[in-house]
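Participant: give me coordinates for this.
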Amino acid sequence: MNSAAPTTRTLPWLPGVAVAALAALVAWGIHWLVPTVPLLTAAVVLGIVVGQLPFARPAVTGVLAPGLSTAAKRLMRLGVVLLGLKLSLGDIAGLGWVTILTTVAIVVVTFVGTIGLGRLFRLPGHQPLLVATGFSICGASAIGAMSGVVKSKDEETATPVALVTLCGTLAIFVLPVLWHPLGLTSLQFGHWVGAGVHDVGQVVATAQIAGSAALAVAIVVKLTRVLMLAPMVAIASVVERRRHVDPDPAAKRPAIVPLFVAGFIVAVLVRSFVPLPAVVLDGADAAQTALLAMALFGLGTAVRLRTLLGTGWRSLAVGLLSWVVIAALALGAVHLSS
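Facilitator: Residues are numbered from 1 along each chain as shown. Modelled structure (predicted):
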């Protein structure tokens with residue numbers, strides 16, 4: 001008698017989640033072997049590669065699909081909540097009001113500008129919003145958070161994730177080349193990286209070459225951008241709620257403030273006002289990284305390169321233009337804050 005069949009029927013998400021966990025371990029191994037490759041970037045790329053393999057695609061769209069979707073949505077939200085424990089309001093206040101205001105302004109201008117670019121280039125569905133979220137706030141994890149609010153399909157979310165991964169990976173190699181020609185000090189370089197690079201892991205990989213002080217500045221500036229995730233997602237939720245028209249009054253409408261966004265805010269407040277032991281913070285950081293790696297692998301498997309290439313020039317143009325805009329604005333903010 002096959003005992004696996006009942007388990008698969010009662011827990012249809014289990015095979016996909018298990019594969020996502022295995023992929024997160026593989027991504028960690030890649031990062032360990034090549035530290036310049038951020039773990040989360042490795043997870044996304046691994047998912048994209050697996051999604052293109054002809055022999056793997058039937059499983060990805062079949063028995064693994066429920067679990068990969070669970071990883072991409074529910075585990076992503078849990079990871080975003082734990083991400084709040086990286087943020088301390090005291091550290092952010094230590095940046096000074098000029099740096100804080102310019103960082104917030106960069107997020108808002110890039111967000112609005114990228115949505116405009118997406119509509120100008122006629123990106124379909126929620127893609128303009130998702131690309132704007134990823135490029136302006138915190139990469140693929142922000143895209144996953146926003147997609148949970150607007151209820152976008154995995155396929156619709158996959159293209160913005162691929163774009164933000166591509167441009168963030170390019171930043172790891174391009175920004176250090178521009179460091180000295182732009183006449184930036186190490187601390188200015190860290191500020192520029194934190195304000196202009198998308199994913200936290202990509203920020204670490206880029207800024208660490210300028211030393212520990214530059215890395216510290218980069219992380220605090222970056223996490224200030226991450227803090228913008230909560231209001232941006234909450235605003236999108238309110239807009240989506242108003243747009244949601246259903247003749248059935250009992251139909252479920254989007255929450256005004258999604259539960260995971262409230263959890264993120266609570267985590268920030270806990271980190272700011274409760275003295276947590278280092279072992280708790282380290283454990284939360286490891287869990288958050290593992291959850292996001294599994295989620296991003298799941299999102300990566302939904303990428304279809306053939307589809308991406310079919311409309312890819314428009315998506316790629318929006319991504320590259322948004323990347324240039326945020327890098328230029330961040331550079332201006334560095335000089336304004338100096």
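
Participant: low-confidence bits of the stretch 201-338 of the chain, can you list those?
Facilitator: Applying pLDDT under 70 to the stretch 201-338 of the chain flags the ranges 243-258, 306-312.

Participant: quick one, strands of it?
Facilitator: Here the stretch 201-338 of the chain has no strands by DSSP state E, counting those that start in this stretch.

Participant: buried residues in stretch 267-275?
Facilitator: A267, V268, R271 (16 or more other CB atoms under 10 Å). To be clear about C-beta, it is placed using only N, CA and C from the backbone, and glycine gets the same treatment.

Participant: what's in contact with it?
Facilitator: Contact partners of stretch 267-275, identified using CB atoms under 8 Å, 6 or more residues apart in numbering, comprise 81-90, 227, 230, 276, 281.

Participant: before we move on, what about stretch 150-166?
Facilitator: Against stretch 150-166 from outside (CB under 8 Å, 6+ apart): 41, 44-45, 48, 69, 72, 124-127, 129-131, 133-135, 139-140, 143-144, 147, 198-199, 236, 240, 254, 296, 298-300, 302-304, 307-308, 315-316, 318-319.

Participant: immediately after the helix or strand containing G168, which helix or strand?
Facilitator: Per DSSP states H and E, G168 falls inside helix 154-179. Once helix 154-179 ends, the next helix or strand along the chain (criterion: DSSP H and E) is helix 186-196.

Participant: list the buried ones in that following helix?
Facilitator: Residues S186, L187, Q188, F189, G190, H191, W192, V193, G194, A195, G196 are the ones in helix 186-196 that count as buried (16+ other CB under 10 Å).

Participant: what would the residues you listed look like in TSV with distance to I209 and pLDDT?
Facilitator: Formatted as TSV, the buried residues of helix 186-196 follow (distance: CB to CB, whole Å; pLDDT from 0 to 100):
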residue	distance to I209	pLDDT
S186	9	91
L187	14	90
Q188	14	93
F189	9	94
G190	10	92
H191	15	93
W192	13	94
V193	10	93
G194	14	91
A195	17	92
G196	15	91
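
Participant: for those residues, give me TSV that also has distance to A65.
Facilitator: Listed next are the buried residues of helix 186-196 as TSV, based on distance: CB to CB, whole Å:
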residue	distance to A65
S186	46
L187	47
Q188	46
F189	43
G190	41
H191	42
W192	41
V193	37
G194	37
A195	38
G196	36
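
Participant: leaving out chain neighbours, which residue sits closest to G113?
Facilitator: Nearest residue to G113 in three dimensions, chain neighbours excluded: V325, at 5.8 Å (CB to CB, 6 or more residues apart in numbering).

Participant: which residues touch the one you found?
Facilitator: V109, T110, G113, T114.

Participant: farthest-separated two in those residues?
Facilitator: V109 and T114 (9.4 Å; CB to CB).

Participant: so for these two, which sits in the more crowded spot?
Facilitator: T114 (26 against 14; other CB atoms under 10 Å).

Participant: which of the helices or strands spans that one?
Facilitator: helix 97-120.

Participant: that helix: which residues count as buried?
Facilitator: Buried residues in helix 97-120 (16+ other CB under 10 Å): 99-100, 102-103, 106-107, 110-111, 113-115, 117-118.
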